[in-house]
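Asker: Whatever this is, show me its structure:
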Amino acid sequence: MVLLTHVLACLFGIGSWVAINGMWVELPLIVPSLPEKWVLPSYLTVIIQLANIGPLFITLMHRFKPGALDERPVIYTIVTVGIVATFLLAFLWRHTLVVGGALHSVALLSLSFLLSVVDCTSSVTFLPFMMRLQPQYLTSYFIGEGLSGLIPALVALIQGVGMVQCKNATAYPNASMENSTWGSSGDLVAHYQPANFSAQVFFLFLSVMMVVCLGAFLMLNHYPAVVKVRKCESYLEDGINKKKADVSISLQNSNPEQKPMLDITDETVKEPCSSFGKGTYSRAEVVFIFVVLAWVNALTNAVLPSVQSYSCLPYGNQAYHLATTMAAVANPVACFIAMFVPNRSLILMAILTVTGTGFGAYIMAMAALSPCPLLVHDDIGAALVVITWVVFVLSLSYVKVIIGVILRDEGHSALVWCGAVVQLGSMLGAMSMFPLVSVYGLFKSGDPCNTKCPK
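Answerer: Purely as a prediction, here's the structure:
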(Lines give C-alpha, C1' and ligand atoms only; values in the text may rest on other atoms or scores of the structure.)
Protein backbone atom coordinates (compact mmCIF):
# COMPACT_ATOMS: atom_id res chain seq x y z
CA MET A 1 0.00 0.00 0.00
CA VAL A 2 2.91 2.33 0.73
CA LEU A 3 4.38 1.61 -2.73
CA LEU A 4 0.99 2.29 -4.33
CA THR A 5 0.76 5.65 -2.55
CA HIS A 6 4.25 6.57 -3.78
CA VAL A 7 3.21 5.70 -7.35
CA LEU A 8 -0.02 7.71 -7.07
CA ALA A 9 1.86 10.72 -5.68
CA CYS A 10 4.29 10.48 -8.61
CA LEU A 11 1.51 10.24 -11.21
CA PHE A 12 -0.24 13.16 -9.53
CA GLY A 13 2.97 15.21 -9.78
CA ILE A 14 3.34 14.44 -13.49
CA GLY A 15 0.15 16.38 -14.20
CA SER A 16 1.55 19.55 -12.64
CA TRP A 17 3.50 20.85 -15.67
CA VAL A 18 3.16 18.18 -18.36
CA ALA A 19 0.87 20.31 -20.58
CA ILE A 20 3.07 23.41 -20.88
CA ASN A 21 6.29 21.37 -21.01
CA GLY A 22 4.72 19.38 -23.83
CA MET A 23 3.78 22.57 -25.65
CA TRP A 24 7.37 23.82 -25.55
CA VAL A 25 8.96 20.63 -26.89
CA GLU A 26 6.39 20.49 -29.70
CA LEU A 27 7.11 24.04 -30.92
CA PRO A 28 9.70 23.01 -33.56
CA LEU A 29 7.04 20.93 -35.29
CA ILE A 30 4.06 23.30 -35.17
CA VAL A 31 5.77 26.68 -35.67
CA PRO A 32 6.35 26.31 -39.47
CA SER A 33 2.62 25.70 -39.96
CA LEU A 34 1.40 28.75 -38.01
CA PRO A 35 1.23 32.40 -39.10
CA GLU A 36 3.26 33.69 -36.12
CA LYS A 37 6.27 31.53 -37.12
CA TRP A 38 9.10 31.94 -34.58
CA VAL A 39 7.44 34.88 -32.83
CA LEU A 40 5.13 32.26 -31.29
CA PRO A 41 7.50 31.38 -28.39
CA SER A 42 7.55 35.05 -27.39
CA TYR A 43 3.76 35.10 -27.33
CA LEU A 44 3.69 31.96 -25.20
CA THR A 45 6.13 33.50 -22.71
CA VAL A 46 3.80 36.44 -22.16
CA ILE A 47 0.72 34.19 -21.98
CA ILE A 48 2.29 32.00 -19.29
CA GLN A 49 3.04 35.05 -17.15
CA LEU A 50 -0.54 36.36 -17.55
CA ALA A 51 -1.71 32.97 -16.29
CA ASN A 52 -0.19 33.77 -12.89
CA ILE A 53 -3.55 35.35 -12.06
CA GLY A 54 -4.54 31.86 -10.87
CA PRO A 55 -1.77 31.49 -8.25
CA LEU A 56 -2.27 35.13 -7.23
CA PHE A 57 -5.95 34.52 -6.44
CA ILE A 58 -5.20 31.34 -4.45
CA THR A 59 -2.41 33.02 -2.47
CA LEU A 60 -4.56 36.05 -1.62
CA MET A 61 -7.36 33.76 -0.44
CA HIS A 62 -4.99 31.93 1.89
CA ARG A 63 -3.58 35.23 3.12
CA PHE A 64 -6.82 37.10 3.88
CA LYS A 65 -9.21 34.18 4.45
CA PRO A 66 -7.07 31.36 5.83
CA GLY A 67 -8.85 28.03 5.85
CA ALA A 68 -11.73 29.27 3.68
CA LEU A 69 -10.42 27.68 0.46
CA ASP A 70 -10.22 23.92 0.10
CA GLU A 71 -7.67 23.09 -2.60
CA ARG A 72 -9.34 19.80 -3.57
CA PRO A 73 -12.25 21.29 -5.59
CA VAL A 74 -9.75 23.66 -7.23
CA ILE A 75 -7.56 20.70 -8.24
CA TYR A 76 -10.54 18.82 -9.67
CA THR A 77 -11.45 21.92 -11.69
CA ILE A 78 -8.03 22.76 -13.10
CA VAL A 79 -7.14 19.16 -13.99
CA THR A 80 -10.48 18.75 -15.80
CA VAL A 81 -9.83 22.01 -17.68
CA GLY A 82 -6.39 20.65 -18.59
CA ILE A 83 -7.90 17.45 -20.00
CA VAL A 84 -10.44 19.34 -22.11
CA ALA A 85 -7.95 21.98 -23.31
CA THR A 86 -5.31 19.46 -24.47
CA PHE A 87 -8.02 17.39 -26.20
CA LEU A 88 -9.34 20.44 -28.07
CA LEU A 89 -5.78 21.50 -28.89
CA ALA A 90 -5.28 18.27 -30.81
CA PHE A 91 -7.99 19.26 -33.28
CA LEU A 92 -7.89 23.10 -33.25
CA TRP A 93 -4.18 24.03 -33.10
CA ARG A 94 -4.05 24.82 -36.85
CA HIS A 95 -7.17 27.02 -36.84
CA THR A 96 -6.56 30.75 -37.40
CA LEU A 97 -8.60 33.94 -37.35
CA VAL A 98 -7.98 37.44 -38.70
CA VAL A 99 -7.25 39.79 -35.79
CA GLY A 100 -6.07 43.34 -36.41
CA GLY A 101 -5.78 42.71 -40.12
CA ALA A 102 -3.46 39.69 -39.74
CA LEU A 103 -3.88 35.98 -39.28
CA HIS A 104 -3.32 34.68 -35.75
CA SER A 105 -3.52 31.26 -34.10
CA VAL A 106 -6.33 32.33 -31.80
CA ALA A 107 -7.39 28.79 -30.87
CA LEU A 108 -3.87 27.67 -29.96
CA LEU A 109 -3.09 30.84 -28.02
CA SER A 110 -6.40 30.74 -26.11
CA LEU A 111 -6.03 27.08 -25.18
CA SER A 112 -2.39 27.68 -24.25
CA PHE A 113 -3.58 30.35 -21.80
CA LEU A 114 -5.97 27.85 -20.18
CA LEU A 115 -3.18 25.28 -19.91
CA SER A 116 -0.90 27.92 -18.40
CA VAL A 117 -3.53 28.74 -15.78
CA VAL A 118 -3.83 25.02 -15.00
CA ASP A 119 -0.09 24.46 -14.59
CA CYS A 120 0.66 27.72 -12.76
CA THR A 121 -2.21 27.16 -10.32
CA SER A 122 -0.96 23.63 -9.66
CA SER A 123 2.06 25.16 -7.88
CA VAL A 124 -0.16 26.59 -5.12
CA THR A 125 -2.69 23.72 -4.90
CA PHE A 126 -0.88 20.42 -5.55
CA LEU A 127 1.82 21.03 -2.92
CA PRO A 128 -0.60 22.06 -0.15
CA PHE A 129 -2.70 18.97 -0.91
CA MET A 130 0.39 16.80 -0.34
CA MET A 131 0.33 18.06 3.27
CA ARG A 132 -2.53 15.60 3.79
CA LEU A 133 -0.10 12.71 3.27
CA GLN A 134 2.97 11.67 5.20
CA PRO A 135 6.22 13.58 4.47
CA GLN A 136 7.94 10.78 2.54
CA TYR A 137 5.36 11.01 -0.25
CA LEU A 138 6.35 14.61 -1.02
CA THR A 139 9.59 13.41 -2.62
CA SER A 140 7.60 11.06 -4.88
CA TYR A 141 5.51 14.06 -5.90
CA PHE A 142 8.69 15.97 -6.82
CA ILE A 143 9.85 12.98 -8.89
CA GLY A 144 6.56 13.16 -10.77
CA GLU A 145 6.98 16.90 -11.25
CA GLY A 146 10.38 16.21 -12.79
CA LEU A 147 8.92 13.53 -15.05
CA SER A 148 6.40 16.11 -16.31
CA GLY A 149 9.28 17.56 -18.30
CA LEU A 150 11.10 14.32 -19.11
CA ILE A 151 8.18 12.35 -20.54
CA PRO A 152 7.13 14.93 -23.19
CA ALA A 153 10.81 15.38 -24.13
CA LEU A 154 11.26 11.64 -24.70
CA VAL A 155 8.04 11.43 -26.71
CA ALA A 156 9.18 14.41 -28.80
CA LEU A 157 12.51 12.66 -29.47
CA ILE A 158 10.62 9.55 -30.63
CA GLN A 159 8.45 11.85 -32.76
CA GLY A 160 11.58 13.26 -34.39
CA VAL A 161 10.95 16.94 -33.64
CA GLY A 162 13.70 19.23 -34.88
CA MET A 163 15.79 16.62 -36.70
CA VAL A 164 17.70 18.25 -39.54
CA GLN A 165 20.03 17.12 -42.33
CA CYS A 166 22.33 19.30 -44.43
CA LYS A 167 22.00 18.43 -48.09
CA ASN A 168 23.27 19.86 -51.35
CA ALA A 169 20.99 22.70 -52.43
CA THR A 170 21.30 21.84 -56.12
CA ALA A 171 19.76 18.45 -55.39
CA TYR A 172 16.62 20.13 -53.99
CA PRO A 173 15.99 23.12 -56.26
CA ASN A 174 12.24 23.07 -55.57
CA ALA A 175 12.42 22.37 -51.83
CA SER A 176 9.48 23.71 -49.87
CA MET A 177 10.38 26.68 -47.69
CA GLU A 178 8.13 25.25 -44.99
CA ASN A 179 10.47 22.31 -44.38
CA SER A 180 13.83 23.81 -45.30
CA THR A 181 16.02 26.85 -44.77
CA TRP A 182 18.41 28.05 -47.46
CA GLY A 183 21.92 28.93 -46.33
CA SER A 184 23.59 32.21 -47.19
CA SER A 185 26.10 30.52 -49.49
CA GLY A 186 23.47 28.57 -51.40
CA ASP A 187 25.60 25.40 -51.25
CA LEU A 188 23.78 23.58 -48.49
CA VAL A 189 20.18 23.49 -47.34
CA ALA A 190 18.90 22.50 -43.87
CA HIS A 191 16.21 19.93 -44.60
CA TYR A 192 13.92 19.17 -41.64
CA GLN A 193 12.73 15.57 -41.53
CA PRO A 194 8.99 14.79 -41.27
CA ALA A 195 7.80 13.67 -37.84
CA ASN A 196 7.10 10.02 -37.09
CA PHE A 197 3.62 10.97 -35.87
CA SER A 198 1.54 14.15 -36.00
CA ALA A 199 1.12 16.98 -33.53
CA GLN A 200 -2.49 15.84 -33.08
CA VAL A 201 -1.32 12.50 -31.68
CA PHE A 202 1.13 14.31 -29.39
CA PHE A 203 -1.55 16.59 -27.93
CA LEU A 204 -3.89 13.61 -27.44
CA PHE A 205 -1.05 11.96 -25.51
CA LEU A 206 -0.86 15.04 -23.26
CA SER A 207 -4.61 14.78 -22.69
CA VAL A 208 -4.19 11.14 -21.62
CA MET A 209 -1.46 12.18 -19.17
CA MET A 210 -3.85 14.69 -17.60
CA VAL A 211 -6.48 11.94 -17.31
CA VAL A 212 -3.89 9.80 -15.48
CA CYS A 213 -3.21 12.73 -13.14
CA LEU A 214 -6.94 13.04 -12.38
CA GLY A 215 -7.21 9.31 -11.71
CA ALA A 216 -4.24 9.44 -9.32
CA PHE A 217 -5.79 12.40 -7.50
CA LEU A 218 -9.12 10.57 -7.16
CA MET A 219 -7.39 7.56 -5.63
CA LEU A 220 -5.32 9.72 -3.28
CA ASN A 221 -8.58 11.25 -2.08
CA HIS A 222 -10.72 8.13 -1.80
CA TYR A 223 -8.56 5.00 -1.82
CA PRO A 224 -9.09 3.32 1.59
CA ALA A 225 -5.39 2.80 2.38
CA VAL A 226 -4.53 6.42 1.60
CA VAL A 227 -7.49 7.72 3.58
CA LYS A 228 -6.38 5.54 6.50
CA VAL A 229 -2.89 7.02 6.34
CA ARG A 230 -4.35 10.53 6.42
CA LYS A 231 -6.59 9.67 9.41
CA CYS A 232 -3.68 8.14 11.34
CA GLU A 233 -1.54 11.18 10.70
CA SER A 234 -4.36 13.51 11.76
CA TYR A 235 -4.84 11.44 14.94
CA LEU A 236 -1.13 11.69 15.75
CA GLU A 237 -1.12 15.45 15.17
CA ASP A 238 -4.17 15.85 17.43
CA GLY A 239 -2.40 13.84 20.12
CA ILE A 240 0.73 15.96 19.87
CA ASN A 241 -1.29 19.18 20.01
CA LYS A 242 -3.17 17.88 23.07
CA LYS A 243 0.12 17.03 24.77
CA LYS A 244 1.45 20.51 24.05
CA ALA A 245 -1.74 22.04 25.47
CA ASP A 246 -1.43 19.94 28.62
CA VAL A 247 2.18 21.03 29.07
CA SER A 248 1.16 24.67 28.62
CA ILE A 249 -1.59 24.35 31.23
CA SER A 250 0.74 22.65 33.69
CA LEU A 251 3.24 25.45 33.26
CA GLN A 252 0.60 28.06 33.99
CA ASN A 253 -0.65 26.23 37.10
CA SER A 254 2.77 25.41 38.52
CA ASN A 255 4.24 27.35 41.43
CA PRO A 256 7.37 29.47 40.96
CA GLU A 257 9.28 26.94 43.07
CA GLN A 258 8.31 24.14 40.70
CA LYS A 259 9.25 25.81 37.42
CA PRO A 260 13.03 25.41 37.77
CA MET A 261 12.47 21.65 38.08
CA LEU A 262 11.27 21.56 34.42
CA ASP A 263 13.76 20.68 31.69
CA ILE A 264 13.96 23.88 29.70
CA THR A 265 15.65 22.02 26.84
CA ASP A 266 12.47 20.10 26.08
CA GLU A 267 11.17 21.00 22.61
CA THR A 268 7.62 21.40 23.89
CA VAL A 269 8.55 24.54 25.83
CA LYS A 270 11.10 25.97 23.38
CA GLU A 271 10.32 29.47 22.17
CA PRO A 272 9.68 29.65 18.40
CA CYS A 273 12.39 31.34 16.34
CA SER A 274 9.83 33.29 14.28
CA SER A 275 6.12 33.55 13.54
CA PHE A 276 6.53 31.67 10.25
CA GLY A 277 5.13 28.13 10.16
CA LYS A 278 6.08 26.25 13.30
CA GLY A 279 8.79 28.75 14.16
CA THR A 280 11.66 26.33 13.46
CA TYR A 281 13.63 28.91 11.47
CA SER A 282 14.45 32.52 12.27
CA ARG A 283 13.10 35.35 10.13
CA ALA A 284 16.49 35.75 8.40
CA GLU A 285 16.61 32.04 7.59
CA VAL A 286 13.05 32.14 6.20
CA VAL A 287 13.95 35.08 3.97
CA PHE A 288 17.08 33.23 2.81
CA ILE A 289 15.07 30.10 1.97
CA PHE A 290 12.52 32.00 -0.11
CA VAL A 291 15.16 34.10 -1.89
CA VAL A 292 17.00 30.94 -2.88
CA LEU A 293 13.70 29.35 -3.97
CA ALA A 294 12.86 32.32 -6.22
CA TRP A 295 16.42 32.46 -7.63
CA VAL A 296 16.58 28.74 -8.39
CA ASN A 297 13.20 28.68 -10.14
CA ALA A 298 14.03 31.82 -12.12
CA LEU A 299 17.15 30.10 -13.46
CA THR A 300 15.66 26.66 -14.12
CA ASN A 301 12.19 27.67 -15.35
CA ALA A 302 12.87 30.83 -17.36
CA VAL A 303 16.36 32.33 -17.65
CA LEU A 304 18.41 29.36 -18.89
CA PRO A 305 15.64 27.58 -20.87
CA SER A 306 15.13 30.78 -22.89
CA VAL A 307 18.71 30.52 -24.21
CA GLN A 308 19.05 26.74 -24.37
CA SER A 309 19.00 26.61 -28.15
CA TYR A 310 21.66 29.35 -28.37
CA SER A 311 23.92 27.49 -25.94
CA CYS A 312 23.53 24.03 -27.54
CA LEU A 313 22.68 24.26 -31.25
CA PRO A 314 26.08 25.66 -32.33
CA TYR A 315 27.54 22.31 -31.22
CA GLY A 316 25.07 20.42 -33.39
CA ASN A 317 21.56 19.03 -33.27
CA GLN A 318 22.68 15.92 -31.42
CA ALA A 319 24.20 18.00 -28.61
CA TYR A 320 20.99 20.02 -28.35
CA HIS A 321 18.76 16.95 -28.05
CA LEU A 322 21.13 15.25 -25.59
CA ALA A 323 21.27 18.36 -23.42
CA THR A 324 17.47 18.70 -23.45
CA THR A 325 16.80 15.04 -22.68
CA MET A 326 19.58 14.46 -20.14
CA ALA A 327 18.70 17.68 -18.30
CA ALA A 328 15.10 16.48 -18.13
CA VAL A 329 16.35 13.16 -16.71
CA ALA A 330 18.46 14.98 -14.10
CA ASN A 331 15.38 16.48 -12.43
CA PRO A 332 13.70 13.22 -11.34
CA VAL A 333 17.12 11.72 -10.56
CA ALA A 334 17.73 14.52 -8.05
CA CYS A 335 14.34 13.82 -6.47
CA PHE A 336 15.09 10.09 -6.40
CA ILE A 337 18.40 10.75 -4.60
CA ALA A 338 16.59 12.98 -2.12
CA MET A 339 14.21 10.12 -1.32
CA PHE A 340 17.09 8.07 0.10
CA VAL A 341 19.34 10.94 1.22
CA PRO A 342 16.96 13.53 2.70
CA ASN A 343 18.62 16.70 3.90
CA ARG A 344 17.51 19.97 5.49
CA SER A 345 20.90 21.66 5.76
CA LEU A 346 20.82 25.34 4.80
CA ILE A 347 24.60 25.22 4.30
CA LEU A 348 24.32 22.39 1.75
CA MET A 349 21.48 24.29 0.08
CA ALA A 350 23.70 27.38 -0.25
CA ILE A 351 26.64 25.35 -1.62
CA LEU A 352 24.49 23.61 -4.24
CA THR A 353 22.87 26.92 -5.23
CA VAL A 354 26.26 28.53 -5.81
CA THR A 355 27.45 25.45 -7.72
CA GLY A 356 24.39 25.36 -9.95
CA THR A 357 24.58 29.11 -10.56
CA GLY A 358 28.22 28.73 -11.63
CA PHE A 359 27.32 26.09 -14.22
CA GLY A 360 24.41 28.29 -15.31
CA ALA A 361 26.84 31.17 -15.85
CA TYR A 362 28.88 28.96 -18.21
CA ILE A 363 25.72 28.10 -20.16
CA MET A 364 24.78 31.78 -20.39
CA ALA A 365 28.29 32.65 -21.60
CA MET A 366 28.12 30.03 -24.38
CA ALA A 367 24.71 31.38 -25.40
CA ALA A 368 26.09 34.93 -25.52
CA LEU A 369 28.95 33.73 -27.79
CA SER A 370 26.50 32.01 -30.18
CA PRO A 371 26.84 31.07 -33.00
CA CYS A 372 30.57 30.58 -32.29
CA PRO A 373 30.99 29.53 -28.63
CA LEU A 374 34.14 28.00 -27.14
CA LEU A 375 35.34 24.66 -28.58
CA VAL A 376 32.59 24.73 -31.18
CA HIS A 377 34.63 22.54 -33.56
CA ASP A 378 35.63 19.95 -30.93
CA ASP A 379 33.65 17.03 -29.54
CA ILE A 380 34.79 18.03 -26.07
CA GLY A 381 32.87 21.31 -26.47
CA ALA A 382 29.64 19.45 -27.20
CA ALA A 383 30.25 17.01 -24.33
CA LEU A 384 31.04 19.90 -21.97
CA VAL A 385 27.84 21.81 -22.71
CA VAL A 386 25.73 18.63 -22.23
CA ILE A 387 27.45 17.82 -18.91
CA THR A 388 27.04 21.44 -17.79
CA TRP A 389 23.31 21.33 -18.43
CA VAL A 390 22.98 18.05 -16.52
CA VAL A 391 24.92 19.27 -13.46
CA PHE A 392 23.08 22.61 -13.52
CA VAL A 393 19.64 20.94 -13.42
CA LEU A 394 20.75 18.19 -11.01
CA SER A 395 22.13 20.54 -8.36
CA LEU A 396 19.32 23.07 -8.45
CA SER A 397 16.63 20.38 -8.56
CA TYR A 398 18.07 18.94 -5.34
CA VAL A 399 17.89 22.44 -3.83
CA LYS A 400 14.18 22.56 -4.71
CA VAL A 401 13.60 19.25 -2.95
CA ILE A 402 15.48 20.44 0.17
CA ILE A 403 13.29 23.54 0.32
CA GLY A 404 10.14 21.49 -0.33
CA VAL A 405 10.95 19.15 2.57
CA ILE A 406 11.73 22.10 4.87
CA LEU A 407 8.50 23.93 4.06
CA ARG A 408 6.44 20.75 4.24
CA ASP A 409 7.51 20.42 7.88
CA GLU A 410 6.45 24.03 8.49
CA GLY A 411 2.83 23.39 7.58
CA HIS A 412 0.14 23.98 4.97
CA SER A 413 0.52 27.76 4.63
CA ALA A 414 4.29 27.38 4.11
CA LEU A 415 3.68 25.18 1.06
CA VAL A 416 1.17 27.71 -0.31
CA TRP A 417 3.83 30.41 -0.08
CA CYS A 418 6.31 27.96 -1.59
CA GLY A 419 4.14 27.65 -4.71
CA ALA A 420 3.63 31.42 -4.88
CA VAL A 421 7.38 32.12 -4.68
CA VAL A 422 8.06 29.47 -7.35
CA GLN A 423 5.72 31.32 -9.71
CA LEU A 424 7.11 34.72 -8.72
CA GLY A 425 10.68 33.64 -9.42
CA SER A 426 9.69 32.10 -12.76
CA MET A 427 7.79 35.25 -13.73
CA LEU A 428 10.67 37.58 -12.87
CA GLY A 429 13.07 35.36 -14.81
CA ALA A 430 10.84 35.34 -17.89
CA MET A 431 10.24 39.10 -17.73
CA SER A 432 13.97 39.78 -17.53
CA MET A 433 14.87 37.48 -20.45
CA PHE A 434 12.02 38.34 -22.84
CA PRO A 435 13.34 41.77 -23.88
CA LEU A 436 16.93 40.50 -24.10
CA VAL A 437 16.03 37.62 -26.40
CA SER A 438 12.98 38.83 -28.33
CA VAL A 439 13.24 42.64 -28.37
CA TYR A 440 16.92 43.59 -28.33
CA GLY A 441 18.17 40.39 -29.99
CA LEU A 442 21.30 40.08 -27.85
CA PHE A 443 21.59 36.36 -28.66
CA LYS A 444 22.41 35.41 -32.25
CA SER A 445 21.41 32.20 -34.00
CA GLY A 446 23.39 30.61 -36.80
CA ASP A 447 22.49 28.66 -39.89
CA PRO A 448 22.70 24.93 -39.08
CA CYS A 449 24.56 24.21 -42.31
CA ASN A 450 26.40 27.35 -43.44
CA THR A 451 27.64 29.21 -40.33
CA LYS A 452 31.46 29.47 -40.41
CA CYS A 453 33.34 29.91 -37.12
CA PRO A 454 37.10 30.50 -36.84
CA LYS A 455 39.07 27.56 -35.46
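Asker: dump the residue contacts of residue 68.
Answerer: By Cβ atoms under 8 Å, 6 or more residues apart in numbering, residue 68 lies in contact with residue 61. Any C-beta I mention is one placed from the backbone N, CA and C, and that applies to glycine too.
Asker: other SSEs contacting the host helix or strand of residue 146?
Answerer: Using DSSP states H and E, the element containing residue 146 is helix 136-159. Helix 136-159 sits against helix 2-14, helix 18-30, helix 126-130, helix 199-222, helix 317-340, helix 379-410, with contacts defined as 3 or more Cβ pairs under 8 Å, 6 or more residues apart in numbering; DSSP states H and E.
Asker: List just the one of those helices that sits closest to residue 85.
Answerer: Ranking those by proximity to residue 85 (Cβ to Cβ) places helix 18-30 first, at 7.4 Å.
Asker: The next helix or strand after that closest one: which residues count as buried?
Answerer: Downstream of helix 18-30, the first helix or strand assigned by DSSP H and E is helix 40-50. Across helix 40-50, burial judged by 16 or more other Cβ atoms under 10 Å covers 40, 41, 43, 44, 45, 47, 48, 49.
Asker: So for the fifth one, what pLDDT did the model give?
Answerer: This points to residue 45. Residue 45 carries a pLDDT value of 72.
Asker: Hmm, it is touching residue 430, no?
Answerer: Yes. With contacts counted by Cβ atoms under 8 Å, residue 45 reaches residue 430, the gap being 5.4 Å.
Asker: between these two, what contacts are shared?
Answerer: With Cβ under 8 Å, 6+ apart as the test, residue 45 and residue 430 both reach residue 306.
Asker: relative to helix 2-14, how tilted is the strand or helix carrying residue 82?
Answerer: Using DSSP H and E, residue 82 sits in helix 71-92. Put simply, helix 71-92 runs at 60 degrees to helix 2-14, going by axes from the mean of the first three to the mean of the last three Cα atoms, to 10 degrees.
Asker: Helix 71-92 to helix 199-222, inter-axis angle?
Answerer: 170 degrees.
Asker: related to what we said a few turns ago, tell me which residues of the helix holding residue 146 come out buried.
Answerer: Buried residues in helix 136-159 (16+ other Cβ under 10 Å): 137-153, 155-157, 159.
Asker: How about stretch 280-297?
Answerer: Those would be 280, 281, 286, 289, 290, 292, 293, 294, 295, 296, 297, for stretch 280-297 by 16+ other Cβ under 10 Å.
Asker: what does stretch 85-99 give?
Answerer: The neighbour-count check on stretch 85-99 (16+ other Cβ under 10 Å) flags 85, 86, 87, 88, 89, 90, 92, 93 as buried.
Asker: Kindly indicate which of these lies nearest residue 210.
Answerer: Closest to residue 210 out of the buried residues of stretch 85-99 is residue 86 (5.9 Å), distances taken as Cβ to Cβ.
Asker: Would you mind measuring from the closest residue to the closest one other than its chain neighbours to residue 213?
Answerer: Of all residues not flanking residue 86 in the chain, residue 207 sits nearest, at 3.9 Å (Cβ to Cβ, 6 or more residues apart in numbering). Using Cβ to Cβ, to the nearest Å, residue 207 is found at 11 Å from residue 213.
Asker: Show me which of those two is the more surrounded one.
Answerer: Shown here are residue 207 and residue 213; by other Cβ atoms under 10 Å, residue 213 has more neighbours (26 against 19).
Asker: What degree of burial does the closest residue to that one other than its chain neighbours show, as a neighbour count?
Answerer: Nearest in space to residue 213, with sequence neighbours left out and distances taken as Cβ to Cβ, 6+ apart, is residue 15 at 2.4 Å. By other Cβ under 10 Å, the residues close to residue 15 number 30.
Asker: Residue 15 touches residue 211, doesn't it?
Answerer: No. Contact criterion Cβ under 8 Å: residue 15 and residue 211 do not qualify, at 9.0 Å.
Asker: Hmm, the residue nearest to residue 86 is touching residue 87, no?
Answerer: Yes. Using Cβ under 8 Å, residue 207 is in contact with residue 87, at 4.4 Å.
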